[in-house]
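Novice: The sequence isn't on hand, but the structure is:
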């Protein structure tokens with residue numbers, strides 16, 4: 001595991017150095033992001049929300065998810081369509097309170113320094129599937145899929 005982490009850091013550092021001055025991320029930041037992602041110990045601040053239908057929304061106030069110790073915490077606003085009356089008259093946000101996650105694909109490396117992490121989270125009302133694509137700059141593109149709701153996309157930053 002340590003060898004794999006070292007190789008990931010070395011590859012990302014090489015990619016970063018090869019990009020010239022276009023990137024403002026330091027090698028130390030890249031190493032920190034890779035460590036947070038590989039150890040599943042991170043907070044992702046949500047920057048924007050994209051429903052399947054409609055426009056991009058920028059959340060006001062704190063909007064984040066925390067992934068740590070095999071659980072997910074946080075609240076993701078939901079502005080899409082719900083397919084049943086499970087949510088009648090309530091806030092329809094995805095709410096997680098130390099909900100356990102079932103890891104499908106622990107950690108895989110995609111092309112060009114992007115990493116993919118996918119898991120299911122079981123909240124009090126439903127099972128929700130996440131696919132998170134991370135970049136070496138700490139950006140997180142999150143796709144949330146559930147049988148009771150329309151597909152949602154979120155963009156965030158690892159902190």
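Specialist: Looks like it came in fine. These numbers were taken from a predicted model, which means no experiment stands behind them.
Novice: all helices of the chain, in order?
Specialist: Counting by DSSP state H, the chain has helices at residues 2-18, 27-38.
Novice: Below-threshold pLDDT in this structure: ranges please.
Specialist: Where the chain drops to pLDDT under 70, the residues are 1-23, 84-90, 104-111, 124.
Novice: make it 50
Specialist: Applying pLDDT under 50 to the chain picks out residues 1-23.
Novice: Break down this structure into its strands, ranges please.
Specialist: In the chain, the segments counted as strands under DSSP state E are 42-51, 64-68, 71-76, 94-109, 115-122, 127-134, 139-146, 149-158.
Novice: could you give the angle of the first one to strand 71-76?
Specialist: It refers to strand 42-51. Using axes from the mean of the first three to the mean of the last three Cα atoms, to 10 degrees, the direction of strand 42-51 lies 40 degrees away from that of strand 71-76.
Novice: cool, and the second one?
Specialist: Per the same axes, to 10 degrees, the angle that strand 64-68 makes with strand 71-76 is 180 degrees.
Novice: separation between residue 26 and residue 147?
Specialist: 42 Å (Cβ to Cβ, to the nearest Å). C-beta coordinates here come from the backbone N, C-alpha and C atoms, glycine included.
Novice: typo on my end, it should be residue 50
Specialist: As judged by Cβ to Cβ, residue 50 and residue 147 stand 20 Å apart.
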